[in-house]
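> Here you go, sequence then predicted model.
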Amino acid sequence: MSAAAAQSATHATHAALTHEWSVPVIDIAALTSERHAGRAEVVAALSAAVLSDGIFAVVGHGIQEDVMQRALAASKAALQIRGSADTEGWAELQPPPQALGPANFVPAYAENLGRYNGQGANAAPESVQKFTVYPPSWDSDPLVRKSRRNSWPDTAAGAALRGALETYFGEVQRVSEVLHGGLSEAVGRPRQFISDMLNPHTEGLLRSNCYLPGHPHMAAHKDLGTTTLLLVDAPGLEFQPHSREEWIAAAAPKGALIVNIGEFFEIWTRGAWRATPHRVTGVSDQGRCSLAFFSNQGIYYPEDGSPVNRTIQPLAASDDGEAWSGLECSLGREARQSIEWPAFFQEAVARIRSKGAAEESSAARPNAAGA
Ligand SMILES: O=C(O)CCC(=O)C(=O)O
Ligand SMILES: [Fe+2]
């Protein structure tokens with residue numbers, strides 16, 4: 001499909017909705033079931049969105065409103081009581097000093113995206129508590145490394161959190177696969193292409209982010225993976241459009257999932273699809289909660305040995321025959337000629353950890369801060 005046809009498909013999708021939003025809104029019902037017509041138009045609309053700013057909202061995804069609301073409410077209830085009466089269960093989940101370790105709870109101010117996204121040791125602390133859910137099927141899979149299985153806080157709020165997030169995980173995993181099917185077709189490949197390419201790392205990681213009132217909340221960054229599917233309960237997310245300095249509030253209809261492209265897809269498409277810089281700012285006194293689903297970042301880690309690595313070549317050169325000299329990756333700064341998945345992901349996490357550690361120790365030295 002030509003770029004012009006793709007563009008008009010996006011406009012058609014827009015026109016079907018009653019409001020204007022700051023990101024394209026795409027009804028993906030035709031991707032979720034053969035009962036709905038218009039699959040080609042949806043694929044064209046997805047293609048136009050990933051080729052422009054790499055951020056869009058999806059409706060017609062089939063996740064029930066009450067499933068989404070329960071997951072948000074349980075996250076907010078569980079994560080906001082941390083630090084008051086109900087602390088015992090969370091204490092066991094406390095991660096090692098460097099966040100992003102195997103433990104799945106990260107308290108507010110522990111992880112700081114500003115530190116390793118250009119702001120260094122002077123980056124302001126970030127007031128967001130995070131809880132990561134590994135694929136629930138791993139909990140009873142003896143082949144998966146124990147440290148990659150979920151541990152849940154042993155409290156009433158923890159039990160509610162588990163029920164709500166496991167249900168939501170199943171649904172958002174389904175939507176993620178549906179979208180990857182549409183995106184495979186957007187590059188002229190069979191529906192299963194992206195899934196097969198990443199197999200056995202076919203599942204995602206789900207993260208509850210609960211922002212406490214305070215400032216700032218999450219510094220500007222790009223996500224690492226293929227797509228991130230985001231459900232939010234309040235405004236605050238901003239994105240940077242392609243080739244412009246400004247920040248735009250990501251406004252989408254209630255019940256929509258906001259999808260942004262990560263660095264993996266930017267490199268895989270040789271920069272044709274945009275990994276979208278985004279940040280969270282301006283959280284009100286009510287706080288804010290989001291559920292971020294990072295597609296294909298559930299790295300299948302066996303109890304013995306390392307995860308299977310997939311070496312993935314970027315898609316074929318564009319018609320204009322422009323030479324491919326690799327693409328700068330924002331976290332690594334190096335040009336990438338191919339991607340090894342999951343090594344790509346693990347290297348990035350290791351780099352984040354070591355950068356965090358270096359910043360910690362320089363900040364701890366007398367007079368180091370602000371020097
Ligand atoms: O909370 C949000 O709206 C964004 C979260 C996010 O960007 C992330 O977890 O990577
Ligand atoms: Fe993000």
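Thanks, I have it. These numbers come from a predicted model, not from an experiment. Ligands and ions are numbered 1, 2, ... in the order given.

> and stretch 291-306, average pLDDT?
For stretch 291-306, the mean pLDDT works out to 93.

> Please apply the same query to stretch 49-63.
So the average pLDDT for stretch 49-63 ends up being 96.

> right, is it up against ligand 1?
No: judged by CB under 6 Å from any ligand atom, stretch 49-63 and ligand 1 are separated, with a smallest distance of 11.0 Å. No exception for glycine: its C-beta is placed from N, CA and C like everyone else's.

> Could you tell me which residues within that stretch count as buried?
With burial defined by 16 or more other CB atoms under 10 Å, the residues of stretch 49-63 counted as buried are 49-61, 63.

> again, but for stretch 61-79
Under the neighbour-count criterion of 16+ other CB under 10 Å, stretch 61-79 has 61, 63, 68, 70-72, 74-79 buried.

> how far does that stretch sit from the chain's center?
When distances are taken as CA atoms, centre = their mean, to the nearest Å, stretch 61-79 is centred 17 Å away from the chain's centroid.

> quick one: pLDDT of Thr228?
Per-residue pLDDT puts Thr228 at 98.

> quick one: low-confidence parts of the stretch 51-200 of the chain?
Scanning the stretch 51-200 of the chain for pLDDT under 70 picks out the ranges 81-92, 94-103.

> 90 instead, please
Along the stretch 51-200 of the chain, the parts satisfying pLDDT under 90 run over 76-130, 145-149, 151-160.

> the strands in it, which residues?
Taking DSSP state E, counting those that start in this stretch, the strands of the stretch 51-200 of the chain run over residues 55-59, 105-106, 128-133.

> bridging residues for the one residue in the stretch 101-250 of the chain that gets nearest to ligand 1?
Proximity of the stretch 101-250 of the chain to ligand 1 (CB to the nearest ligand atom) peaks at Leu237, 3.8 Å away. Under DSSP bridges, the beta-bridge partners of Leu237 are Val280.

> and if you look at Thr228?
Counting by DSSP bridges, the residues bridging with Thr228 are Asn260, Phe294.

> any idea how far Glu347 is from it?
Computed as CB to CB, to the nearest Å, the Thr228 to Glu347 distance reads 19 Å.
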